[in-house]
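Here is a sequence together with a model predicted from it:
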Amino acid sequence: MTPTDKPHAKYFLALAKVKIIGPVRFQKIWNFFGNLEEAWSAKQVDFQSAGLEEDVVQKIIETRDKIDLNSEMEKLANDGINFTTVFDDNYPKLLKEIYNPPFILFYRGNISRLYDSCLGVVGARKNSSYGEQVTREIVSELTRQKITIVSGLALGIDALAHQACLQAGGVTVAVLGSSLDWPNIGPSTNKQLARDILEQGGCLVSEYAPVFPASKITFPLRNRIISGLSLGVLIIEAAQSSGTLITGKFALEQNRDVFAVPGNIYNLTSVGTNNLIKLGAKLVTSASDILEELNLRQISEISEQIIEIPTTDEEKFILQYLSQEPTHIDKISQLCKIRISVLSSKLMLMEMNGLIKDAGAQNYIKK
């Protein structure tokens, strides 16, 4: 029996359709009525006795007059959306432990992925090439250690984290700030990424019933779910006032580990992460830092990378101008005084030999 087959499940959906009812107001309703079927048909005075504001009561009454619950349940099933409630056995255990867990959790895909060892990975929407490099390397290694990556499907670091996990053959979970009906899944450029997540056995999650668009209010609220599902949260690039830092705040409140990747002190996207480290976040330079802190190394030993040694004096000459900070081919050409046409082929050979790596957009780093 799935959650949506259970008796009275439709009344959880009913309250979720009232957009201004969240965990706190739901708890008031539950504490007063103890039966959601009874609550859904209650009189205005009963709702007020439960401690609900007058405008909230009016919204409940307006909503229940407009919707057919059986039809709403059927729409969910036809659209491939299921849900679990905070009282169900398959509700994620870690999420249930936080202060204000969603009373209902909608999902597409394999909900069992939420019971795995999960790590939240979030960061700037406008990431640097350094942020992309770090995300791909750390997430790929975590994925190989059977960690499920949880993020928010947003542009930038979030999308890169999902992609890196999928490319490493892993499973990832996207927590949305909107409902899970396809017209509202966004941003539109990441719809295919959402489909890829499902195709590879992952899961899309939301506390919002169809049809509910994302907003400035829903994004911060969904961040508590990202951290709530996870053993810890890794933050890769965040400006000083970035919304990403809200996830870190929730993680601390939920007694989760907070990890941060240090960045260039002159880069605005590193200000937030560097400040987090000053405040006590655990500095991370590799996946092993996270695995050791969370005692997850026993999942499987991290393989040591074989570092190739340059075979020619020219390769040694080029390598002395490269580091872990991406350097554009134009800059390398200028420093080494080698023509672009010649340098390009040399860099390609060096990458094939495992000496360097193309970090994207013709930016190179030393391996």
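Looks like it came in fine.

Could you pull up the residues touching residue 240?
Taking CB atoms under 8 Å, 6 or more residues apart in numbering as the criterion, residue 240 is in contact with 268, 271, 272, 275. Yep, even glycine has a C-beta here, placed from its N, CA and C like the rest.

go again using 6 Å as the cut-off
Counting by CB atoms under 6 Å, 6 or more residues apart in numbering, residue 240 makes contact with 271, 272.

where's it, which helix or strand?
Residue 240 belongs to no helix or strand when assigned by DSSP states H and E.

any idea how far it is from residue 221?
Distance of residue 240 to residue 221, given as CB to CB, to the nearest Å: 22 Å.

Where does the residue nearest to residue 340 when sequence neighbours are not counted sit: helix, strand or coil?
In space, and not counting its chain neighbours, residue 340 is closest to residue 333: 5.2 Å by CB to CB, 6 or more residues apart in numbering. Secondary structure of residue 333, reduced to three states by DSSP: H, G, I helix; E, B strand; the rest coil: helix.

Could you check the pLDDT of residue 333?
Model confidence at residue 333, given as pLDDT, is 90.

what number of residues lie near it?
Other residues near residue 333 number 17, with proximity taken as other CB atoms under 10 Å.

Could you check how far it is from residue 327?
Per CB to CB, residue 333 is found 10 Å from residue 327.

got a list of what residue 132 touches?
residue 160.

repeat that with 8 Å
Applying CB under 8 Å, 6+ apart to residue 132 gives the contacts 160, 359, 360.

sorry, back to before: my guess is the residue nearest to residue 340 contacts residue 346. True?
No. Contact criterion CB atoms under 8 Å: residue 333 and residue 346 do not qualify, at 10.5 Å.

who touches stretch 30-42?
Stretch 30-42 has contacts (CB under 8 Å, 6+ apart) with 8, 11, 12, 14, 15, 29, 46, 49, 50, 51, 64, 103.

hmm, which of these are the buried ones?
11, 12, 14, 15, 29, 46, 50, 64, 103 (16 or more other CB atoms under 10 Å).

of these, closest to residue 174?
residue 103 (20.7 Å; CB to CB).

Could you find the closest non-adjacent residue to that closest one?
residue 26 (4.2 Å).

The one you found: which element?
Assigned by DSSP H and E, residue 26 belongs to helix 23-33.

Now do the nearest residue to residue 93 once chain neighbours are set aside against residue 12, distance only.
In space, and not counting its chain neighbours, residue 93 is closest to residue 115: 7.2 Å by CB to CB, 6+ apart. Residue 115 is 21 Å from residue 12, where distance means CB to CB.

Can you check my assumption that residue 149 lies in a strand?
Yes. Assessed by three-state DSSP, residue 149 belongs to a strand.

thinking it is in contact with residue 139, fair?
Yes. Counting by CB under 8 Å, residue 149 does reach residue 139; the two are 5.9 Å apart.

and the nearest residue to residue 100 once chain neighbours are set aside, how far is that from residue 104?
Of all residues not flanking residue 100 in the chain, residue 23 sits nearest, at 4.2 Å (CB to CB, 6+ apart). Residue 23 sits 10 Å away from residue 104, going by CB to CB.

Can you pick out the residue with more neighbours from these two?
More crowded of residue 23 and residue 104, by other CB under 10 Å: residue 104, with 25 against 17.

Name the residues linked to that one by a beta bridge.
Beta bridges link residue 104 to residue 85 when assigned by DSSP bridges.

which ones are touching it?
Neighbouring residues of residue 104 by CB under 8 Å, 6+ apart: 12, 13, 15, 16, 83, 84, 85, 86, 207, 209.
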